[in-house]
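>>> need a 3D model of the sequence below.
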Amino acid sequence: MKRVITYGTFDLLHYGHINLLRRAKALGDYLIAVASSDEFNWSEKGKKCYFPYEQRKILLESIRYVDLVIPENSWEQKRTDIHDYHIDTFVMGDDWRGKFDFLKEEGVEVVYLPRTPDISTTAIKKRLGQQMRGTDYV
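Next comes the predicted model:
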């Protein structure tokens, strides 16, 4: 069985996330989605999520491509996860290109998938903010 792992915040779940998860699952038989915990998002990324971790986890578990959802609590846990879950392929969006190449030393394939054009949680939050203030957006 070929095991794949990917990481993300997965807040305001959208078709870009689904596209990433679909393409990641196509690279193997079993997909683990690792969602950043609320504490990790705030302390390490400076992000506050709209949905708390437990709700994001439920959303991810309902997606047919995802076999397991676990929390991300530190940057360093990627090395541990690869060994604990017997991972063959590590997948991230190409906005992270090169940042996780060091994981090849752990014996995994590292794949950076192209982002889905014209969609991101940041863009959604920005448009929602503009809409709430009554300004137009395109």
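>>> going forward, measure contacts and count neighbours with C-alpha atoms only.
Noted.
>>> show me the shaky parts of the protein.
Low-confidence segments of the chain (pLDDT under 70): 125, 128, 130-138.
>>> what about the strands in it?
Along the chain, the segments classed as strands by DSSP state E run 3-8, 30-36, 68-72, 89-93, 109-113.
>>> now the ones you listed in CSV, with distance to residue 50 and mean neighbour count?
Output for those, formatted as CSV (distance: least, Cα to Cα, whole Å; neighbours: other Cα atoms under 10 Å):
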stretch, distance to residue 50, mean neighbour count
strand 3-8, 14, 22
strand 30-36, 13, 24
strand 68-72, 16, 18
strand 89-93, 21, 22
strand 109-113, 25, 18
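>>> out of those strands, which is closest to residue 22?
Taking Cα to Cα, strand 30-36 is the member of these nearest to residue 22, at 9.5 Å.
>>> give the other helices and strands that the closest one contacts.
Judged by 3 or more Cα pairs under 8 Å, 6 or more residues apart in numbering; DSSP states H and E, strand 30-36 is in contact with strand 3-8, helix 15-25, helix 53-61, strand 68-72.
>>> tell me which of these lies nearest to residue 126.
helix 15-25 (16.3 Å).
>>> residue 100 touches residue 111, doesn't it?
No: with contact defined as Cα atoms under 8 Å, residue 100 does not reach residue 111; the gap is 9.2 Å.
>>> sorry, back to before: would you format the strands of the chain as TSV with distance to residue 44 included?
Compiled in TSV, those are given as follows (distance: least, Cα to Cα, whole Å):
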stretch	distance to residue 44
strand 3-8	13
strand 30-36	10
strand 68-72	11
strand 89-93	18
strand 109-113	22
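>>> out of these, which is closest to residue 79?
Residue 79 lies closest, by Cα to Cα, to one member of those: strand 89-93, at 10.4 Å.
>>> adjacent strands (with direction) for the closest one?
Partners of strand 89-93 in the sheet, by DSSP bridges, are strand 3-8 (parallel), strand 109-113 (parallel).
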